[in-house]
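Trainee: Okay, predicted coordinates and the sequence, questions at the end:
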Amino acid sequence: MTQNQPELRLIRMSEVETQEVHWLWYPYIPQGKLTIIQGNPGEGKTTLALWIAAMCSCGQALPGMEQTTPINILYQTAEDGLGDTIKPRLMIASADLNRIICIDETEYSLSLLDERIERAVKSTNAKLMILDPLQGYLGRGIDMNRANEIRDVLKQLTFVADQTGCAIVLIGHLNKAVGANSAYRGLGSMDFRAAARSVLLVGRMKREPHIRVIVHDKSSLATEGKSVAFSIKNGSLRWVDGYEKITAEDLLNGGPANTKVEQTERLVRERLEKGPAPVKEIQNIIRQAGISPRTLDIAKKNMRDVISRKEGGHWKWVLIS
């Protein structure tokens, strides 16, 4: 063997022990693996991450899951204050604050290569660690666009996740490559996406800005999950139905070509082209189409050529020219 060369060791697949994949949130966040949650600034990524942490700290059921045992969570933030932002948000989410722990960065900033990550995960038996944003934890001198530098960073993080069973979630921003495929929208090297077993894309609906949608943009360990929507009001997150078919491309474009709102507008106009219609009749048409009253309200506000008029003691909708 040549000096300073590693010894050759071979592994037969027949000798490899198969392992079952465990899930923090099926099929979106696997245990013992890396997950990336990414989106543009201000789209609700941090609020989503905090609510996931809060729910897991109390054993509450995430969408599609059953109630489970409360777990310890490590939460690191490079952008928000713990006392004025993070803790108040966790309190709104009814988190068990004793189960959510931060590595103290007062004297020494944390990086993805920092040995304190592994020590903290093991000492707290954390089953979820969130780093927000991942750009804030690369460490000095690391160029996130250089694959050879990023691979070593992610290799270490992947090792920690695998050895401890901790789900490690990295919160990331998108680049400004408008119109690019979602796979190329993450900041930095493609190695981030390659190392992650799951990538979640978060964005707003252009015509319904209060609605945020989570699209499962990559899944290496299970079939991609349906899109999940939520709204945020006064810091409180509420899960919303009706957006399961939104794709990554739809989300990056602000919504699909044929949203529920657009479908509602089309149905209303088709009826009103035949003449004025009682509000109850319109509501019945929409109900039969499986569309919610809230969506009808949004559509009505959008349709400036539709007005309400009282005729014969009853309110009707009228299409004006």
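Mentor: Perfect, I can see it now.

Trainee: Can you show me the strands along the stretch 1-150 of the chain?
Mentor: Secondary structure of the stretch 1-150 of the chain, counting by DSSP state E, counting those that start in this stretch: strands at 23-25, 29-30, 34-39, 73-77, 100-101, 128-132.

Trainee: what about I285, distance to K245?
Mentor: 22 Å (Cβ to Cβ, to the nearest Å). C-beta coordinates here come from the backbone N, C-alpha and C atoms, glycine included.

Trainee: what's the answer for V228, then?
Mentor: 12 Å.

Trainee: ok, the two, which is more surrounded?
Mentor: Taking neighbours as other Cβ atoms under 10 Å, V228 and K245 compare with V228 leading, 24 against 9.

Trainee: Now the nearest residue to the more buried one once chain neighbours are set aside: which helix or strand?
Mentor: With Cβ to Cβ, 6 or more residues apart in numbering as the criterion, V228 has its nearest non-adjacent residue at 4.5 Å, and that residue is I214. Using DSSP states H and E, I214 maps to strand 208-219.

Trainee: Quick check: mean pLDDT of that strand?
Mentor: In this model, strand 208-219 carries a mean pLDDT of 93.

Trainee: what's the angle from that strand to strand 34-39?
Mentor: Per axes from the mean of the first three to the mean of the last three Cα atoms, to 10 degrees, the angle that strand 208-219 makes with strand 34-39 is 150 degrees.

Trainee: list the helices and strands strand 208-219 packs on?
Mentor: Contact here means 3 or more Cβ pairs under 8 Å, 6 or more residues apart in numbering; DSSP states H and E; on that basis strand 208-219 packs against strand 198-205, strand 228-233, helix 248-252.

Trainee: how about low-confidence regions in the stretch 101-250 of the chain?
Mentor: 177-180 (pLDDT under 70).

Trainee: In a markdown table: the strands of the stretch 1-150 of the chain, plus distance to P6.
Mentor: Shown next, in a markdown table, are the strands of the stretch 1-150 of the chain (distance: least, Cβ to Cβ, whole Å):
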| stretch | distance to P6 |
| --- | --- |
| strand 23-25 | 35 |
| strand 29-30 | 30 |
| strand 34-39 | 26 |
| strand 73-77 | 33 |
| strand 100-101 | 38 |
| strand 128-132 | 31 |
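
Trainee: And those: which comes nearest Y184?
Mentor: strand 34-39 (11.9 Å; Cβ to Cβ).

Trainee: Pull up the pairing partners for that closest one, direction included.
Mentor: strand 167-173 (parallel), strand 198-205 (parallel) (DSSP bridges).

Trainee: helix or strand right after the shortest one?
Mentor: Using DSSP H and E, the next helix or strand after strand 167-173 towards the C-terminus is helix 191-195.

Trainee: For that following helix, name the packing helices and strands.
Mentor: Checking 3+ Cβ pairs under 8 Å, 6+ apart, helix 191-195 ends up next to strand 34-39, helix 147-164.

Trainee: most packed of the ones you listed?
Mentor: Most buried of those, by mean neighbour count (mean count of other Cβ atoms under 10 Å): strand 34-39, with a mean of 24.

Trainee: and that strand, C-alpha only, in CSV?
Mentor: Extracted in CSV, the C-alpha atoms of strand 34-39 (Å, rounded to 0.1, in the frame of the first residue of the first chain):
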residue,chain,number,x,y,z
LEU,A,34,-31.5,17.0,5.9
THR,A,35,-34.5,19.0,4.8
ILE,A,36,-34.5,22.4,3.2
ILE,A,37,-37.4,24.9,3.5
GLN,A,38,-36.8,27.7,1.0
GLY,A,39,-38.7,30.7,-0.4
